[in-house]
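A.B. asks: what would the 3D arrangement of this be:
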Amino acid sequence: MSLYCGIACRRKSFWCYRLLSTYVTKTRYLFELKEDDDACKKAQRTGTFYLFHNLVPLLQKSEHHYLLPQFSLLELEKLLGKFGQDTRRIEDSVLIGCSEQHEAQFALDLGLNNSSSINASVQKPEMETELKGSFTELRKALFLLNVKDASLLSTAQALLRWHDAHQFCSRSGQPTKKNMAGSKRVCPSNKIIYYPQMAPVVITLVSDGTRCLLARQSSFPKGMYSALAGFCDIVLVGESLEEAVRREVAEEVGLEVERLQYSASQHWPFPNSSLMIACHAAVSPGQTEIQVNLRELEAAAWFSHDEVVMALKRNDPYTMQQRGTFPFWLPPKLAIAHQLIKEWVEKQTCSSLPA
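C.D. replies: Okay, the predicted model is just below:
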């Protein structure tokens with residue numbers, strides 16, 4: 001028995017080492033591309049590009065599912081030439097990742113006009129016709145793509161939006177210049193460096209033991225409910241995460257949190273690149289009367305385990321919208337709100353099983 005355990009432990013250590021080595025190598029490679037313009041430009045020659053138009057990604061439909069098309073540098077240069085665009089526009093692209101084979105991945109928005117852009121933006125209808133695809137709002141695309149592609153698009157849109165909003169130095173007012181990878185912008189006049197940032201947001205699933213509380217804002221797609229969320233506040237006291245959770249729950253639904261538990265975190269591109277910090281929160285079963293803050297929310301309600309389980313099974317809410325039916329449904333699988341809700345369901349299921 002001890003011999004078997006020893007072999008198993010060695011095998012586990014070996015695979016952990018292999019996994020760590022792959023991760024470290026990939027991370028170091030991306031770091032090099034972010035810091036070395038020449039290395040990044042060289043990586044573009046063998047890399048792949050994903051296209052956007054005014055921050056909206058290009059998708060292609062294949063039978064009953066959607067694909068995220070990718071283009072080589074040569075294909076992109078031909079496309080730009082066909083639309084009368086200077087190939088130097090490729091320098092507006094941003095690095096968003098790389099494959100396991102160290103094939104760099106870039107995103108390029110042909111609808112935005114940067115301060116350094118040489119040409120006007122390319123018209124969307126012409127591009128869709130040429131590329132046999134459609135530019136699809138990211139919130140919808142997250143329901144149509146697999147998690148890997150959806151995550152890649154989320155990173156791309158957040159970075160493209162940041163560059164679009166930071167074209168000028170806040171100190172000098174002069175145009176800033178991005179590096180080749182798009183990992184920073186520099187003001188040529190005073191050398192101030194600007195880096196993309198994320199705003200910390202707490203997202204909290206409240207439970208009274210047998211039910212969970214979900215809410216919706218007027219900006220949500222019809223029928224969609226999610227966990228409570230809000231930005232960490234520095235206006236009053238520079239609050240901690242725990243304080244932010246308690247304040248948000250009190251502000252939005254008038255409940256007092258008894259205890260909370262951290263779950264996980266996630267980058268989210270909305271509204272302007274956020275770091276979502278997910279928590280479970282419990283309230284007393286005897287104090288569950290909701291008082292909705294209508295300045296923050298459109299509605300909030302308690303939902304049973306069975307109701308939430310049914311909602312998790314609804315895979316294509318946008319089709320239901322087109323049919324004119326708007327059942328209760330939840331955020332896409334990629335969203336950390338979805339994971340919070342799924343964790344709660346699994347915990348409820350386990351606790352209800354006989355010992």
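
A.B. asks: now the strands for the stretch 151-300 of the chain?
C.D. replies: Per DSSP state E, counting those that start in this stretch, the stretch 151-300 of the chain carries strands over the ranges 177-178, 185-186, 193-194, 199-207, 211-216, 228-231, 259-268, 274-282, 299-304.

A.B. asks: in CSV: the ones you listed, plus mean neighbour count and mean pLDDT.
C.D. replies: Every C-beta, even on glycine, is put in place using the N, C-alpha and C of the backbone. Converted to CSV, the strands of the stretch 151-300 of the chain look like this (neighbours: other C-beta atoms under 10 Å; pLDDT from 0 to 100):
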stretch, mean neighbour count, mean pLDDT
strand 177-178, 17, 96
strand 185-186, 18, 97
strand 193-194, 13, 96
strand 199-207, 22, 96
strand 211-216, 22, 96
strand 228-231, 19, 95
strand 259-268, 15, 95
strand 274-282, 20, 96
strand 299-304, 16, 96
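
A.B. asks: do I have it right that Arg314 meets Lys333?
C.D. replies: No - if you go by C-beta atoms under 8 Å, Arg314 and Lys333 don't touch, sitting 11.5 Å apart.

A.B. asks: of the strands of the stretch 151-300 of the chain, which is nearest Leu160?
C.D. replies: strand 177-178 (10.9 Å; C-beta to C-beta).

A.B. asks: give me the sheet partners of that closest one and which way each runs.
C.D. replies: Neighbouring strands of strand 177-178 in its sheet, by DSSP bridges, are strand 185-186 (antiparallel).

A.B. asks: so, low pLDDT: which residues of the protein?
C.D. replies: The model of the chain has pLDDT under 70 over residues 1-21, 114-120, 236-237, 315-327, 351-355.

A.B. asks: the same query, at a cut-off of 50, please.
C.D. replies: Low-confidence segments of the chain, defined by pLDDT under 50: 1-18, 355.

A.B. asks: report the central residue of it.
C.D. replies: By C-alpha atoms, centre = their mean, the chain has its centre lying nearest to Trp268, at 3.3 Å.

A.B. asks: need the strands of the stretch 151-300 of the chain in CSV (columns: distance to Leu59).
C.D. replies: Converted to CSV, the strands of the stretch 151-300 of the chain look like this (distance: least, C-beta to C-beta, whole Å):
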stretch, distance to Leu59
strand 177-178, 26
strand 185-186, 29
strand 193-194, 31
strand 199-207, 27
strand 211-216, 26
strand 228-231, 27
strand 259-268, 20
strand 274-282, 23
strand 299-304, 31
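
A.B. asks: ok, which of those comes nearest Asn113?
C.D. replies: Closest to Asn113 of the strands of the stretch 151-300 of the chain is strand 177-178 (C-beta to C-beta; 14.3 Å).

A.B. asks: and Glu258, how far from Ile193?
C.D. replies: 44 Å (C-beta to C-beta, to the nearest Å).

A.B. asks: Val201 now?
C.D. replies: Per C-beta to C-beta, Val201 is found 25 Å from Ile193.

A.B. asks: ok, Ser263 next?
C.D. replies: Distance, Ser263 to Ile193, using C-beta to C-beta: 34 Å.

A.B. asks: so what's the nearest residue to Leu334 once chain neighbours are set aside up against?
C.D. replies: Leaving out its chain neighbours, the residue that sits closest to Leu334 by C-beta to C-beta, 6 or more residues apart in numbering is Ala150, at 4.6 Å. Taking C-beta atoms under 8 Å, 6 or more residues apart in numbering, we find Ala150 in contact with Ala141, Leu142, Pro332, Leu334.

A.B. asks: quick one: stretch 23-43 to chain centroid distance?
C.D. replies: 22 Å (C-alpha atoms, centre = their mean, to the nearest Å).

A.B. asks: hmm, back to that, out of the strands of the stretch 151-300 of the chain, which is closest to Val253?
C.D. replies: For the strands of the stretch 151-300 of the chain, the distance to Val253 is smallest for strand 299-304, at 5.2 Å, taking C-beta to C-beta.

A.B. asks: give the pairing partners of the closest one; include direction for each.
C.D. replies: strand 211-216 (antiparallel).

A.B. asks: list of residues touching the strand it pairs with?
C.D. replies: When contacts are defined by C-beta under 8 Å, 6+ apart, strand 211-216 is touched by residues 205-207, 224-228, 252-253, 255, 288, 290, 292, 297-305, 308, 330, 341, 344.

A.B. asks: what angle separates it from strand 199-207?
C.D. replies: 140 degrees (axes from the mean of the first three to the mean of the last three C-alpha atoms, to 10 degrees).
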